[in-house]
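A.B. asks: Structure for the following, please:
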Amino acid sequence: MKKNNPFWTLIPFYFLACSQSVSAEVLIREFKGDKSITTAEFAVKEPWILDYRVNSNFKESMGLEVSLVDAKTGFLIGRILKTKYAGNGVKMFDKGGRYRLRISSSLTSWNFKIKELSASEAELYSIKGQ
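C.D. replies: As a prediction, this is how the structure comes out:
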């Protein structure tokens, strides 16, 4: 076996490519900040998720409330997150459309990622039993 044989140099790349998991998540928008705002409009197809991270240097006084707003009419669809604690999580939605996030932030830094999922990937997101 020759060390200069191109076949042997490609084998590690083949196994690396085969071992990578293929994710169907598609990042649509990302919003970061620490102030109260209404985000720019974003359009998503169902199913989709809101992947969030919340933190604060003032954990005793922090607060965050996030509502989903119809981008076309400006009407409130509903509150999707309210917390007084640092942390992270995921919220899944089964209806696509054009939306905005209305974020009310008090002493809180936040990061929201809007991601579309494939139907098979959405099945992996389920409520965990206690």
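A.B. asks: in the sheet, who's paired with Gly97?
C.D. replies: Val44 (DSSP bridges).
A.B. asks: so who does it touch?
C.D. replies: Ala43, Val44, Asp70, Ala71 (CB atoms under 8 Å, 6 or more residues apart in numbering). C-beta coordinates here come from the backbone N, C-alpha and C atoms, glycine included.
A.B. asks: For those, work out which two are farthest apart.
C.D. replies: Val44 and Asp70 (12.7 Å; CB to CB).
A.B. asks: any residues in contact with both of those two?
C.D. replies: Common contacts of Val44 and Asp70 (CB under 8 Å, 6+ apart): Gly97, Tyr99.
A.B. asks: any low-confidence regions in the protein?
C.D. replies: Along the chain, segments meeting pLDDT under 70 span 1-24, 126-130.
A.B. asks: Val90 in helix, strand or coil?
C.D. replies: Under DSSP: H, G, I helix; E, B strand; the rest coil, the three-state class of Val90 is strand.
A.B. asks: Apart from its chain neighbours, what residue comes closest to Lys84?
C.D. replies: The shortest distance from Lys84 to any residue other than its chain neighbours is 5.2 Å, reached at Gly63 (CB to CB, 6 or more residues apart in numbering).
A.B. asks: Perfect, I'm done here.
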